[in-house]
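Engineer: Return a 3D structure for these sequence lines:
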Amino acid sequence: MKCRHCAHELTQTFLDLGSAPPSNAYLKPEALSQAEIWLPLKVMVCDACWLAQTLDFTGRENLFDADYAYFSSFSSSWLAHAKKFVETMRQDLSLNSQSLVMEVAANDGYLLQYVQEAGIPCFGVEPTASTAAAAREKGIKVIERFFGVELAKEILARGQRVDLSVANNVLAHVPDINDFVAGFSLVLSEQGVASFEFPHLLNMVEQNQFDTAYHEHYSYLSLHAVKTVFAKNGLHVFDVQEWPTHGGSLRVLAQRMDIRYREEKASVAQILQAEQAAGILNTGFYEAAQAKAESAKFALLEFLLNAKRNGTRVAAYGAAAKGNTLLNFSGVRPDLLPYVVDINTHKQGKFMPGSHIPIVDIQHLLADKPDFILILPWNLQAEIMQDLAQAKNWGGQFVVAIPQLTVL
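Structural biologist: Numbering: from 1, shown residues only. Below you'll find the predicted structure:
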């Protein structure tokens, strides 16, 4: 396979997690008796432009279908993050009733609801019917399409240019990253800003966040790679900020390369330097990732097997995509982990893909009172422990498997 950005031949393996079903393909009960699609899950890194990327085995239409079950609004901490972002950008860019905001991958309107409340015209782009419908219920206009140059030209043809475009946790989800980024450079106004947030590859490697690898994530992003991709497709990175979300993310702010209205901030050079100092531009940086992933897998299996032998009960919380990567890579099944709790009603009553572990509501866990609660979305650890504070009343303890197995 050739690099999605620069077409260089990929030869450097970053992670090989065997095979797994698509991580958000939650199964209805009747699907358990049917064949399930498993795909190789292998991540490579391009040693020319340093874009880390999952090998292609299926099209995006098979991953982001009408039953897509990831709804952003179920996380209170993510909602707070989105609200703070809108307040900050409204002030920094002087957004008002004459401005226009576009969010790509608007999901269920978790962010645009705050733009709308501020009286700023906006619209979302969202390809999954399930989440788009939820956004429309909030009164948000949604174009139910994948974004790229073709859609950007259609938006331009309607006489629209946007003053702020937002793309949170979607840059990694696009198979044609060049076409996706070029679309933003077309629709931005002369002083417009494009904001992208994505988990930082530096943290993924250094903190053993291998479970963030799954088929929906076509790319794993460093600032070096993003800056290169943006420059080739008409965007200039003028600011970058580090945020703790999703285990450590970057917020990259970009503008049109042909205008370059704003001065480049020192933060860009600082983070580029930090990445280079860590070795992100050398293949050796990636070579230890596989062994660290396997170490976490073995530790989780030892913990679950010991619990089984000792008669202690373990349940999991958070039917997250990253949890599916962890469980399928580790070979965990219901005999070791009988259920996963999730507050997302779109997942309850279904089964985790691959492992076939049932997804139940929180009342199930409160009645069962397990000895250990394995937090699968470790990035929401504080939020989940606060929501389940009553577990202490029955002596329940929390556990995470990433970056290494830890009883909290």
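
Engineer: Every contact and neighbour count from this point should use C-alpha atoms.
Structural biologist: Fine.

Engineer: where exactly do the strands run in the stretch 151-300 of the chain?
Structural biologist: 162-168, 188-199, 219-220, 235-243, 249-256 (DSSP state E, counting those that start in this stretch).

Engineer: mind checking how far stretch 366-386 is from the chain centre?
Structural biologist: 20 Å (C-alpha atoms, centre = their mean, to the nearest Å).

Engineer: pLDDT of it, averaged?
Structural biologist: When pLDDT is averaged along stretch 366-386, the result is 96.

Engineer: residues making contact with stretch 37-52?
Structural biologist: Applying C-alpha atoms under 8 Å, 6 or more residues apart in numbering, the contact partners of stretch 37-52 are 3, 5-6, 8-22, 53-55, 57, 213-215, 219-222, 224-225, 228, 280-283, 354.

Engineer: and those, which are buried?
Structural biologist: By the neighbour-count criterion of 16 or more other C-alpha atoms under 10 Å, those include these buried positions: 3, 5-6, 10, 12-17, 19-22, 53-55, 213-215, 219-222, 224-225, 228, 280-281, 354.

Engineer: Tabulate the strands of the stretch 151-300 of the chain (a markdown table), appending mean pLDDT.
Structural biologist: As requested, the strands of the stretch 151-300 of the chain are exported to a markdown table (pLDDT from 0 to 100):
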| stretch | mean pLDDT |
| --- | --- |
| strand 162-168 | 97 |
| strand 188-199 | 97 |
| strand 219-220 | 96 |
| strand 235-243 | 98 |
| strand 249-256 | 98 |
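
Engineer: E294: which of those is closest?
Structural biologist: Nearest to E294, of all these, is strand 219-220, at 19.4 Å by C-alpha to C-alpha.

Engineer: what's the closest one in contact with?
Structural biologist: L51, A52, Q53, T54, L171, A172, H173, V174, P199, H200, L201.

Engineer: In the sheet, which strands lie alongside it, parallel or antiparallel?
Structural biologist: Strand pairing for strand 219-220, using DSSP bridges, gives strand 52-54 (antiparallel).

Engineer: and F123, helix, strand or coil?
Structural biologist: Recorded secondary structure, F123: strand (DSSP: H, G, I helix; E, B strand; the rest coil).

Engineer: got a pLDDT number for it?
Structural biologist: pLDDT recorded at F123 is 98.

Engineer: got it, and N62?
Structural biologist: 65.

Engineer: S77 now?
Structural biologist: For S77, the pLDDT comes out at 88.

Engineer: Without its sequence neighbours, what residue ends up closest to it?
Structural biologist: The shortest distance from S77 to any non-neighbouring residue, by C-alpha to C-alpha, 6 or more residues apart in numbering, is to E383 (7.0 Å).

Engineer: helices or strands next to the helix or strand hosting the one you found in the packing?
Structural biologist: Using DSSP states H and E, E383 falls within helix 381-387. If you count contacts as 3 or more C-alpha pairs under 8 Å, 6 or more residues apart in numbering; DSSP states H and E, helix 381-387 packs onto no helix or strand.

Engineer: Distance from the helix or strand just after that helix to the middle of the chain?
Structural biologist: For helix 381-387, the succeeding helix or strand toward the C-terminus, using DSSP H and E, is strand 397-400. Centroid separation for strand 397-400 versus its chain: 22 Å, with C-alpha atoms, centre = their mean.

Engineer: what does stretch 106-123 give?
Structural biologist: 20 Å.

Engineer: Can you tell me what sits against that stretch?
Structural biologist: Identification of contacts with stretch 106-123 by C-alpha under 8 Å, 6+ apart yields 71-73, 79, 82-83, 86, 95-103, 124-126, 128, 131-136, 138, 140-143.

Engineer: So which of the residues you listed are in strands?
Structural biologist: V101, M102, E103, G124, V125, V142, I143 (DSSP state E).

Engineer: List the beta-bridge partners for the fourth one.
Structural biologist: Pointing back at G124 there. The partner residues for G124, given DSSP bridges, come to E103, V142.

Engineer: show me where the stretch 51-200 of the chain has helices.
Structural biologist: 76-92, 112-117, 129-137, 149-157, 177-187 (DSSP state H, counting those that start in this stretch).

Engineer: what's the closest of the ones you listed to V205?
Structural biologist: helix 177-187 (21.5 Å).

Engineer: Identify the residues contacting the closest one?
Structural biologist: 4-5, 147-153, 155-156, 160-162, 165, 171, 174, 194, 229-230, 232-235, 255-257.

Engineer: State the pLDDT value of Q270.
Structural biologist: Reported pLDDT for Q270: 98.

Engineer: Let me know the distance separating it from H224.
Structural biologist: In this view, Q270 and H224 are 12 Å apart by C-alpha to C-alpha, to the nearest Å.

Engineer: Looking at this protein, which helix is longest?
Structural biologist: helix 289-310 (DSSP state H).

Engineer: which regions of the stretch 151-300 of the chain lie under the pLDDT threshold?
Structural biologist: By pLDDT under 70, the stretch 151-300 of the chain has no low-scoring segment.

Engineer: Can you tell me which of the contacts of stretch 106-123 are buried?
Structural biologist: For the contacts of stretch 106-123, buried by 16+ other C-alpha under 10 Å: 71-73, 79, 82-83, 86, 95, 99-103, 124-126, 128, 131-135, 140-143.
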